[in-house]
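Novice: Would you be able to build a 3D model of this:
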Amino acid sequence: MLVDHNSPPVPQEGAAPPAAPSPNARRAAGLLLAVALLVLVTAASVAFGARTVPPGHVLHGLFHSTGTDDDVVIRDLRVPRTLLGLLAGAALGMAGACMQALTRNPLADPGLLGVNAGAAAAVVTAIGFFGVTSLTGYVWFALAGAAAVSVLVYVIGGSRSATPVRLALAGTAVTALLQGWTSAVELTHGAALDRIRFWQVGSLAAADVGTVRHMAPFVAAGVLLALAVARPLGALALGEDTARGLGARPALTRLAAMAAVTLLCGAATAACGPIVFIGLVVPHAVRRITGPDMRWVLPYAAVLAPVLLLGADVIGRLVTRPAELQVGIVTAVLGGPVFVALVRRGKVAAL
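Specialist: Residues are numbered from 1 along each chain as shown. As a prediction, this is how the structure comes out:
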């Protein structure tokens, strides 16, 4: 009998089929790809900008700086700007994921629920009435404003009986009120308007090493707190009774999650201004890959949100050379149509 040695082997009766990769293995592989993408975008953020710098000069500025103009642009401007984008992106992405899990609303983000507006209003008040001009002062006011608005929206939304719709409506109302206050302060305090006109639209342009150093501890604390409540947040998404049955403490989980959101959003807003849509789009996209498990959603959001933020910043630097388009404008232009599409289609990733 002739045997075709090129034909595939015939499975024997009773033999087990090849094992498919486990969900966790696929998620881990996806996370590694996301990290690789982040490395590429980080390199682009350092290499490209409003000023054209040859690749050789980029490497020279990074590793052998001698104080030339190109070295100063790379070492003193683009590297801190990139580091700030990494921190702010991770903070906003994780804050959005926590907020969506906390409210069980996949279309929620700190901007839509007023947290960013609270931080921004507090910073504007500090500039206009107290003459605060340093990031150190901004951070404390931003954290206080974010915390106050978080509590206010939660109370207005019904506290323990809060529903996603109530929270969204409360956030919208509080945001409108705070935006009116911010505009009033700007119009009546010319000095405040001069200082915050670029900060208010969301920008990484004012980044320096000091900004990154002051922001990092708050972001680190928020990240650790968010990761600590990842499992109980996932249980809380199943309902309070189920969460208690799984050993979670809903009240403590909510408090810890709101504290994490306050730290993350307060620090990011103080350093960069109120940047919108990062916390909405990224967690929504991430859940299509990971599912509702917050132990995977949070790391993915921490990696992919900086990809979006730094990518938008690079686009803003390139499209209007030699000027720059602020990153908050770019993210709003990109995020607005995505949000409209999500609402119209009604296809949102399950929590």
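Novice: Next SSE downstream of the helix or strand harbouring Val153?
Specialist: Element membership for Val153 (DSSP states H and E) is helix 135-156. Downstream of helix 135-156, the next assigned helix or strand under DSSP H and E is helix 164-188.
Novice: Please spell out which residues along that following helix are buried.
Specialist: Applying a neighbour-count criterion of 16 or more other CB atoms under 10 Å, the buried positions in helix 164-188 are Pro164, Arg166, Leu167, Ala168, Ala170, Gly171, Val174, Thr175, Leu178, Thr182, Val185, Glu186. Where you see a C-beta, it was placed from the backbone N, CA and C, and this is true even at glycine.
Novice: I'd like the average pLDDT over that helix.
Specialist: For helix 164-188, mean pLDDT rounds to 85.
Novice: Quick check: pLDDT value at Arg344.
Specialist: On pLDDT, Arg344 comes in at 69.
Novice: Model confidence at Asp70, what's the number?
Specialist: As predicted, Asp70 sits at a pLDDT of 89.
Novice: show me the contacts for the residue nearest in space to the middle of the chain.
Specialist: The residue lying closest to the centre of the chain (CA atoms, centre = their mean) is Leu92, at 2.1 Å. When contacts are counted by CB atoms under 8 Å, 6 or more residues apart in numbering, Leu92 touches Pro110, Leu264, Cys265, Ala268, Ile275, Ile278, Gly279, Val282, Ala305, Leu309.
Novice: how many other residues sit next to the third one?
Specialist: In terms of burial, Cys265 registers 37 neighbours under the definition other CB atoms under 10 Å.
Novice: Could you list which residues are in contact with it?
Specialist: By CB under 8 Å, 6+ apart, the contact set of Cys265 is Ala91, Leu92, Ala95, Pro110, Val115, Asn116, Ala119, Ala146.
Novice: Same check on the fourth one?
Specialist: Residues touching Ala268, when contacts are defined by CB under 8 Å, 6+ apart, comprise Leu87, Ala88, Ala91, Leu92, Ala95, Met215, Val219, Ile275.
Novice: now swap in the fifth one and tell me
Specialist: If you count contacts by CB under 8 Å, 6+ apart, Ile275 has them with Ala88, Leu92, Gly111, Asn116, Gly202, Ala268, Thr269, Leu309, Val327, Gly328, Thr331.
Novice: Against Ala256, how distant is it?
Specialist: According to CB to CB, to the nearest Å, Ile275 stands 24 Å off from Ala256.
Novice: Could you do the third one as well?
Specialist: When distance is defined by CB to CB, Cys265 is 15 Å away from Ala256.
Novice: just the last one next, same as before
Specialist: Between Leu309 and Ala256 the distance is 25 Å, computed by CB to CB.
Novice: Please say which of those two ends up with more neighbours.
Specialist: Counted by other CB under 10 Å, Leu309 and Ala256 do not tie: Leu309 has more neighbours, with 33 against 19.
Novice: The more buried one: what's its closest spatial neighbour, skipping adjacent residues?
Specialist: Nearest residue to Leu309, sequence neighbours excluded (CB to CB, 6 or more residues apart in numbering): Gly89, at 3.7 Å.
Novice: Give the full set of residues in contact with that neighbour.
Specialist: Listed by CB under 8 Å, 6+ apart, the contact set of Gly89 reads Ile278, Ala305, Pro306, Val307, Leu308, Leu309, Leu310.
Novice: Could you list the low-pLDDT ranges of the stretch 101-250 of the chain?
Specialist: Low-confidence segments of the stretch 101-250 of the chain (pLDDT under 70): 160-164, 191-195, 198, 239.
Novice: hmm, 80 instead?
Specialist: 103-113, 133-138, 154, 157-168, 189-201, 206, 236-250 (pLDDT under 80).
Novice: Now tabulate the contacts of Ile275 in a markdown table and tack on distance to Val35 and secondary structure.
Specialist: Converted to a markdown table, the contacts of Ile275 look like this (distance: CB to CB, whole Å; DSSP: H, G, I helix; E, B strand; the rest coil):
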| residue | distance to Val35 | secondary structure |
| --- | --- | --- |
| Ala88 | 18 | helix |
| Leu92 | 18 | helix |
| Gly111 | 26 | coil |
| Asn116 | 27 | helix |
| Gly202 | 25 | coil |
| Ala268 | 21 | helix |
| Thr269 | 26 | helix |
| Leu309 | 16 | helix |
| Val327 | 22 | helix |
| Gly328 | 25 | helix |
| Thr331 | 21 | helix |
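Novice: Any figure for the gap between the residue lying closest to Val201 once chain neighbours are set aside and Gly245?
Specialist: If the residues on either side of it in the chain are set aside, Val201 comes closest to Gly328, at 4.4 Å by CB to CB, 6+ apart. Gly328 is 43 Å from Gly245, where distance means CB to CB.
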